[in-house]
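Colleague: need a 3D model of the following:
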Amino acid sequence: MPSATRSRVVIASEMTHTASARSCCATAVATPTSTARVLVVVPRVAPRARARVGVTVALIVTVLVIAFFIDARLVPRAVDECRARIHRRSRVMSLARALRRASTLARRARTFHPRSLPTIDDDARALFDDVDALASFRADADGAVARAQLGHACAQAVGAGSRCAHGYARAYLYAPLSVGDGEGGEEGALRAEHATCWLACPALVEATNALERENGIHDVARAVEASEARKESLSRAHEDAPRVRRWLMGEEMVRRVRDEATTARGEKARFIVDGTGLIGVNLSDLSTTKTWKKVKCLHAQIADALVRGRGKNAVGALALDALVERGVAVDGTETCWRRCAPKKGGRGDVEE
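Modeller: Next up, the predicted model:
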């Protein structure tokens, strides 16, 4: 037979001793121009492997059949165990919900102090640019508006900030202290709040969120560092925060907070009242704190500027101007009032 057409099949076991080659066949073909042989490797499944798979499957089926006939209660037991696990998990979830509910009740079972705005005096006029706007707060009407704006009751609001074109307060002055009434929280326990003012206008809140996401805090901090007047205004805004708290609390409550500073809870309340500025900035480290950490929250800076006046917080005024440059209607739009109008009868309709 001519060499060009001669071929032969070489069994893999004769070609190589590797494990992979033993499971393959190879065909060698000689070409007319070369004596080299081309090996075409064709994989195949060994009969022994097929036999082992078959035996394994048969053993598994046999074991399952034997288990089923020996103890027919295996499946019901598994179902009962699953049900028990679900029941235990549901009990844990119910307990967690109960704890959250108790925590909510504990927070609600507190009386904020003061319940209303103190008498406007010289101290107030030194701290607020527009005391008339501040004193225009009405617990019933503005409280309903605050509920619509924030999505929950706002018992700690005692004063109104600058109002929008529709007459709604865009920020609120908050009571700095709460006292447990014994129904949910510890009776008589004092708790101080960091926030002195709170931004409530939904449109401004969303616009400020977007500004902060786009590095707004650091941009404002750089603008503050470039101006000595803004630096002084930012420091003064932080230093004014304890004065605002003490004016709201009154001398008697301030004295009580300081007298109760012997306990850990009382010392924490005293430190918040006397030792922190806006949004919890430590006044003792104010001179060494980085500027962006003193800016910290544009919501708080804007709220302070709306409640106490642009002249009292140049940084909050700067952030408001930044929103205007971004096309935000800080005084309101034609339809934004719907988000602030109190709901009627719980139906989701708004009062026009």
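Colleague: now residue 155: phi and psi?
Modeller: phi -70, psi -20 (degrees, to the nearest 10).
Colleague: surely it is in contact with residue 112?
Modeller: Yes - with contact defined as C-beta atoms under 8 Å, residue 155 reaches residue 112; the gap is 5.6 Å. Yep, even glycine has a C-beta here, placed from its N, CA and C like the rest.
Colleague: where does the residue nearest to the spatial centre of the chain land on pLDDT?
Modeller: When C-alpha atoms, centre = their mean is applied to the chain, the residue found nearest the centroid is residue 209 (12.0 Å). For residue 209, the model assigns a pLDDT of 96.
Colleague: flag every buried residue along the strand or helix carrying it.
Modeller: Using DSSP states H and E, the element containing residue 209 is helix 202-213. Going by neighbour count (16 or more other C-beta atoms under 10 Å), the buried part of helix 202-213 is 202-205, 207-208, 211-212.
Colleague: just name the closest of those residues to residue 122, please.
Modeller: residue 204 (31.0 Å; C-beta to C-beta).
Colleague: residue 115 touches residue 157, doesn't it?
Modeller: No - applying C-beta under 8 Å as the test, residue 115 and residue 157 come out as separate, 10.9 Å apart.
Colleague: ok, these two, which is more surrounded?
Modeller: The residue with more neighbours, out of residue 115 and residue 157, is residue 157; 26 against 11, by other C-beta atoms under 10 Å.
Colleague: do you know how far residue 56 is from residue 66?
Modeller: Distance, residue 56 to residue 66, by C-beta to C-beta, to the nearest Å: 16 Å.
Colleague: what's the answer for residue 97, then?
Modeller: Counting by C-beta to C-beta, the gap from residue 97 to residue 66 is 46 Å.
Colleague: please apply the same query to residue 321.
Modeller: The value you get for residue 321 to residue 66, if C-beta to C-beta is used, is 82 Å.
Colleague: the two - which one has more neighbours?
Modeller: Neighbours per residue (other C-beta under 10 Å) separate residue 321 from residue 66, with residue 321 holding more: 13 against 10.
Colleague: so which strand or helix has that one?
Modeller: Residue 321 belongs to helix 314-325 when assigned by DSSP H and E.
Colleague: other SSEs contacting that helix?
Modeller: On a contact count with 3 or more C-beta pairs under 8 Å, 6 or more residues apart in numbering; DSSP states H and E, helix 314-325 meets helix 202-213, helix 216-225, helix 228-259, helix 298-308.
Colleague: identify whichever of those lies nearest to residue 338.
Modeller: Judged by C-beta to C-beta, the one of the helices and strands packed on helix 314-325 that comes nearest to residue 338 is helix 202-213, at 10.0 Å.
Colleague: name the residues that touch that closest one?
Modeller: Contact partners of helix 202-213, identified using C-beta atoms under 8 Å, 6 or more residues apart in numbering, comprise 149, 170, 199, 216, 298-299, 302, 319, 322-323, 326, 328-330, 332-333, 336, 339-340.
Colleague: show the buried residues in those.
Modeller: For those, a burial check counting by 16+ other C-beta under 10 Å picks out 149, 170, 199, 216, 298-299, 302, 319, 322-323, 328, 330, 332, 336, 340.
Colleague: now flag whichever of those is closest to residue 84.
Modeller: Looking across these and measuring by C-beta to C-beta, the closest to residue 84 is residue 149, at 46.9 Å.
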